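>>> sequence plus predicted model, see below.
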Amino acid sequence: MLKNIQEWTLLLTIFGIVSLFGNWIGYDVMPATAIPGIIILILICLAGLIIQKLMPGNIPSVAYIAIIGIIVSMPWMPGSDLVVQYTSDVNLLALATPILAYAGIAIGRSWTDFAKLGWKTIVVASFVLLGTFIGSAIIAEIVLRFQGII
C-alpha cells in the first residue's frame, strides 16, 4: 500500500506541476497563486485513491474523489471558504490537459495490441476519430457564428 501511495503521489505531483504551467501559460495565473489550490486537489485525489483501496467493494476511486471534493467545499464544512478560494485559481482545462495527454500516451503504448485486432478495426477507428473531429469543428463553428464571435 505504501508503494502505491508513493506512486500516486509522484504521478499527482507531476500532473500538478504540468497543470501549474498550463494554468500560467493559458490563463495567466501565476504558479505561486495556484500552488495552494493544486496541493488541495492533489490531497483530495490522494485521499480518494487511499479510501478506494481500503473500502470493500469495487467502487471506482473517482467516486470517492468526487465525494471528498464535494464535502470539503460545502459551506458548512470548516475551511471550505479557503478550499473554494484556492481551488478557484486553478482552471479546469489546465487540469484536463495533462490527464488527457497521459491517456493518449497510455493508448499509444498499446498500438501494437490495437493493430492485432485487424485492419478493419484501424479503418473504423480512423473514421470515428475523423468524424468526431469534424463533428466537433462543425458544432464549434455553428455556436461561434451564432454568438457572433466569428
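Perfect, I can see it now.
>>> show me the protein divided up by domain.
2-108, 110-150 (automatic domain parsing).
>>> let me know which of the ones you listed is tucked in deepest.
Sort the domains of the chain by mean neighbour count, taking mean count of other CB atoms under 10 Å, and domain 2-108 sits at the top with a mean of 15. C-betas here are computed from N, CA, C, even on glycine.
>>> ok now that domain, how far from the chain's centre?
Remark: domain 2-108 is offset 8 Å from the chain centroid, using CA atoms, centre = their mean, to the nearest Å.
>>> can you redo the domains of the chain as JSON lines with mean pLDDT?
Below are the domains of the chain laid out as JSON lines (pLDDT from 0 to 100):
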{"stretch": "domain 2-108", "mean pLDDT": "88"}
{"stretch": "domain 110-150", "mean pLDDT": "79"}
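>>> report the central residue of this structure.
Compute the mean C-alpha point of the chain, and by CA atoms, centre = their mean the closest residue is A96, 3.9 Å away.
>>> which neighbouring elements make contact with whichever strand or helix holds Y86?
Using DSSP states H and E, Y86 sits within helix 80-87. Using 3 or more CB pairs under 8 Å, 6 or more residues apart in numbering; DSSP states H and E, the elements in contact with helix 80-87 are helix 31-54, helix 61-73.
>>> and those helices as JSON lines, adding distance to G148?
Converted to JSON lines, the helices and strands packed on helix 80-87 look like this (distance: least, CB to CB, whole Å):
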{"stretch": "helix 31-54", "distance to G148": "32"}
{"stretch": "helix 61-73", "distance to G148": "35"}
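>>> between the ones you listed, which one is closest to I149.
Across the helices and strands packed on helix 80-87, I149 has its closest neighbour in helix 31-54 (27.2 Å, CB to CB).
>>> packing partners of that closest one?
Judged by 3+ CB pairs under 8 Å, 6+ apart, helix 31-54 is in contact with helix 2-27, helix 61-73, helix 80-87.
>>> quick one, that helix and helix 2-27 angle?
Counting by axes from the mean of the first three to the mean of the last three CA atoms, to 10 degrees, helix 31-54 lies at 150 degrees to helix 2-27.
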